[in-house]
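In: Pasted the sequence and its predicted model underneath.
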Amino acid sequence: MKKQLLLWGGASSLILLASAVVSISMGAASLPLSQVWLILLHQLPGMSDLVAVTWPDSSEQIVMKVRFPRVILAILVGACLSLAGAGFQGVLRNPLADPFTMGVASGAAVGAAFLILFGLQFAFLGEWSTPVVAFLTGLCSLWIVLSLAKTQGKLQTETLILSGVVIQAFLGSLVSFMVSLSNQTVNEIVFWLMGSLSFRGWAFTYVLIPYVLIGVIVLVGYARSLNLFALGERQAAHLGVNVDKTKLIILLVSTLLTAAAVSISGIIGFVGLVVPHLVRMLVGPDHRILLPMSAIGGGIYVLWADTLARMLLVPTEIPLGVVTAFLGAPFFAYLLKQNKRTGRR
Amino acid sequence: MIHVRGLQKAYQDVSVLTEIDFDVKRGEFFGIIGPNGSGKSTLLKMISSVIAPDAGEITLADKPLARYTRKELARVLAVLEQEGLPPVGFRVREVLEMGRFPYQNWLGEEKDDVTPLIEEIMQLLGLVPLAERTLDQLSGGEKQRVALGKALVQKPQLLLLDEPTTYLDIGYQIQLMDIVRKWQKTTQVTVVAVLHDLNLASLYCDRILMLHKGVQIGVGTPQDMLQTDKIEAVYGTRPIVMEHPVHHLPQIMLQSRA
């Protein structure tokens, strides 16, 4: 297991690093890859003396002030959403569960849109206020979805997705209503909603880092419990898992991760659905490997989606949510079909 | 090993179990039989602490059941369910290793190396050739053996079997029950089994508890419990009870009334 984790972790980290460097070099002003490497190396502690400055100051400005923070933010948002998806799928034993289909993302969006509408994004708690409010509203919608889907104490795949979609539609209309209420701030809410990582700077990155850390640590700590959940809730209970407590903690942490990502980058659909499945196909169902790999894989997926979003129609930016959904929706359809087939067996 | 006193349970005012009293001795093979809806599964779920009784008390290894945490309980008792394992992508060896969960710390580590234990159990159950296969590639009988293996890896003092042979053909039924008995001989584990098949119950159980509509009809040896009149009163059909020519235990034969 440990060998496998090191192997996959090492390989995927290398891909992530290479993707980040390639993405940074791409843009309106294209920078040579070697220059990007040197600029990044130069920033490492103790390396500034070893690496001679051979690049114009403007390049360093572009890399450090514009592209690097954006790349890091993309990776963190991807990691949050994909971890949340893996958590939801694992604990609900439902391959179609993710922050988006569970209505959590839309719930978080309602809270965030409300703050934007009234210009309260930075009231009360500064940078932290949007994530906190988004977490609370996301939690509310999760609770509503779960209690709607519960029939005689059992959660069924079809009802769960159905109630998720219904709640999501309702909350979506609520957000649209808020958009139409405000004339001045329309563009801000709409653009935020469709998902974007532009002009975020470092402050948002610092807000996300603790969420990702908490998420990874807690979820990986529960990885073995999630493996037992895969055998069924009663099996897990007989093996010594406190089922209710575990479920609650994993749902809370997954919602927290979703809210953090949504409050910073709007609704970016399908990442939480697609990435854990792709990772599962590669590394198998063991959550001890699946969870960390989902975090890294989600980072790579959103990083490339964001690179496409800013590169495809230069100088216009495509909303990030459009790109991820464009790739993710066909995959969702494919999964739905697979799921039906296995269900019939 | 187990003391059950004055157990009662009702679902929405409908009584499921009333006045259940029995003891199971250490190392005993104890059977629970009764027709559909007699409350035997409910009784087993209460012993495994999945549902709580309305009244009465269960004591397990000299400690009230209610005072166990889930993890402590998983070190004392293991359960083999009738449905078996779902077709997931875990390998047989990985599933067996999951049986060690109640003994692991939060990092998933344990003091002693458990590989020899897992190897021994895979040998006993004939799972060695299947070790690297995933559950979704196994037949129902094979999966049930893996589930039993996982329960044995837990090293329980008490093994609960919930109609473990329901979905198995006769070959696998005998194989599974023989494995349990063999394991019992070497480890002195106590076995409590809900069984549908009265003939299997007679062959394997030291004593049998008979339930009917939530009421305890009696506890006794297979010879005491598997009598024509008792079975007719409980199951509503009159069988012929004969002695097994080899094992000298009662076996029943059904007779058609049409």
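Out: Yep, it's here.
In: show me the contacts for B:A78.
Out: Taking C-beta atoms under 8 Å, 6 or more residues apart in numbering or on different chains, we find B:A78 in contact with A:238, B:99, B:150-152, B:154, B:156, B:158-160. (Glycine included, C-beta is placed from N, CA and C.)
In: Where does it sit: helix, strand or coil?
Out: strand (DSSP: H, G, I helix; E, B strand; the rest coil).
In: Equivalent analysis for the one 5 residues further on, please.
Out: Assigned state for B:E83: coil (three-state reduction, three-state DSSP).
In: From what I see, A:L239 and A:N227 are in contact.
Out: No - contact criterion C-beta atoms under 8 Å: A:L239 and A:N227 do not qualify, at 9.9 Å.
In: Now for these two: what residues contact both?
Out: Common neighbours of A:L239 and A:N227 (C-beta under 8 Å, 6+ apart) are B:M98.
In: which element is B:L17 on?
Out: Using DSSP states H and E, B:L17 falls within strand B:14-24.
In: what's that strand in contact with?
Out: With C-beta under 8 Å, 6+ apart as the criterion, strand B:14-24 contacts B:1-10, B:30, B:39, B:42-43, B:46, B:53, B:56, B:190, B:192, B:209, B:211, B:214-216, B:219.
In: Helix or strand next in line after that strand, which one?
Out: strand B:29-33.
In: In PDB, list the C-alpha atoms belonging to the next helix or strand after that next one.
Out: Next in sequence after strand B:29-33, counting helices and strands by DSSP H and E, comes helix B:40-47. Coordinates of each C-alpha in helix B:40-47 appear next as PDB, following Å, rounded to 0.1, in the frame of the first residue of the first chain:
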ATOM      1  CA  LYS B  40     -35.000 -14.100  15.400                       C
ATOM      2  CA  SER B  41     -33.200 -11.600  13.300                       C
ATOM      3  CA  THR B  42     -34.300  -8.800  15.700                       C
ATOM      4  CA  LEU B  43     -32.800 -10.800  18.500                       C
ATOM      5  CA  LEU B  44     -29.500 -11.300  16.700                       C
ATOM      6  CA  LYS B  45     -29.400  -7.500  15.900                       C
ATOM      7  CA  MET B  46     -29.900  -6.800  19.600                       C
ATOM      8  CA  ILE B  47     -27.000  -9.100  20.500                       C
END
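In: Now do helix B:40-47 against strand B:14-24: the angle between them, please.
Out: With axes from the mean of the first three to the mean of the last three C-alpha atoms, to 10 degrees defining the directions, helix B:40-47 sits at 60 degrees from strand B:14-24.
In: Buried ones in the helix or strand just after helix B:40-47, by neighbour count?
Out: Sequence order places strand B:55-60 as the next helix or strand after helix B:40-47, per DSSP H and E. Neighbour counts over strand B:55-60 (16 or more other C-beta atoms under 10 Å in any protein chain shown) mark B:56, B:58-60 as buried.
In: before we move on, what about stretch A:135-146?
Out: Neighbour-count burial for stretch A:135-146 flags A:135, A:137-142, A:144-146 (criterion: 16+ other C-beta under 10 Å).
In: Could you check how far the closest residue to chain B within the stretch 151-300 of chain A is from B:I51?
Out: In the stretch 151-300 of chain A, the residue that lies nearest chain B is A:G240 (3.1 Å; C-beta to the nearest C-beta). Note on A:G240: its distance to B:I51, by C-beta to C-beta, to the nearest Å, is 17 Å.
In: following the helix or strand A:L73 falls within, which helix or strand shows up next?
Out: Using DSSP H and E, A:L73 falls within helix A:68-92. Once the chain leaves helix A:68-92, the next helix or strand it forms, by DSSP H and E, is helix A:104-117.
In: Which elements pack onto that following helix?
Out: Secondary-structure packing of helix A:104-117 (3 or more C-beta pairs under 8 Å, 6 or more residues apart in numbering or on different chains; DSSP states H and E): helix A:129-149, helix A:157-181, helix A:186-194, helix A:243-265.
In: If you average the pLDDT over that helix, what comes out?
Out: In this model, helix A:104-117 has a mean pLDDT of 86.
In: now swap in stretch B:104-117 and tell me
Out: Stretch B:104-117 comes out at a mean pLDDT of 84.
In: Report the distance from that stretch to the chain centre.
Out: 26 Å (C-alpha atoms, centre = their mean, to the nearest Å).
In: contacts for that stretch?
Out: Identification of contacts with stretch B:104-117 by C-beta under 8 Å, 6+ apart yields A:221, A:224, A:288, B:97, B:100, B:103, B:153, B:155.
In: Can you dump the C-alpha atoms of it in CSV for me?
Out: Below are the C-alpha coordinates for stretch B:104-117, written out as CSV (Å, rounded to 0.1, in the frame of the first residue of the first chain):
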residue,chain,number,x,y,z
GLN,B,104,-5.5,-0.7,14.7
ASN,B,105,-4.5,2.8,15.9
TRP,B,106,-5.5,5.8,13.8
LEU,B,107,-2.6,5.3,11.5
GLY,B,108,-3.8,1.8,10.7
GLU,B,109,-0.9,0.2,12.5
GLU,B,110,-0.8,-2.7,14.9
LYS,B,111,1.8,-4.0,17.3
ASP,B,112,2.2,-7.5,15.9
ASP,B,113,2.5,-8.6,12.4
VAL,B,114,-0.8,-10.1,11.3
THR,B,115,0.3,-11.6,8.1
PRO,B,116,0.6,-15.2,9.6
LEU,B,117,-2.9,-14.9,11.0
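In: Which residues belonging to that stretch are considered buried?
Out: For stretch B:104-117, burial by neighbour count (16+ other C-beta under 10 Å) applies to B:104, B:114, B:117.
In: I'd like to know which of those residues is nearest to chain A.
Out: Distances from chain A to these, taken by C-beta to the nearest C-beta, are shortest for B:Q104, at 7.2 Å.
In: Between strand B:29-33 and the longest helix along chain B, find me the angle.
Out: For chain B, the longest helix by residue count, based on DSSP state H, is helix B:170-187. When the same axes, to 10 degrees is applied, the directions of helix B:170-187 and strand B:29-33 differ by 140 degrees.
In: helices or strands next to helix B:170-187 in the packing?
Out: Using 3+ C-beta pairs under 8 Å, 6+ apart, helix B:170-187 is in contact with helix B:115-125, helix B:140-153, strand B:158-162, helix B:198-204.
In: which residues sit against the longest one?
Out: With C-beta under 8 Å, 6+ apart as the contact definition, helix B:140-153 has outside contacts at A:239, B:78-81, B:84-85, B:92, B:95-100, B:114, B:117-118, B:121-122, B:124-127, B:130, B:135, B:138, B:159, B:164, B:167-169, B:171-172, B:175-176, B:179-180, B:183.
In: Tell me the buried residues within those residues.
Out: Buried subset of the contacts of helix B:140-153 (neighbour count, 16+ other C-beta under 10 Å): A:239, B:78-81, B:84-85, B:92, B:95-100, B:114, B:117-118, B:121-122, B:124-125, B:127, B:130, B:135, B:138, B:159, B:164, B:168, B:172, B:175-176, B:179-180, B:183.
In: what residues does chain B put near chain A?
Out: Within reach of chain A by C-beta under 8 Å from any C-beta of the partner chain, chain B has these residues: B:48, B:50, B:69-75, B:78-79, B:81, B:83, B:85-90, B:94-95, B:98-99, B:101-102, B:104, B:106, B:108, B:150, B:154.
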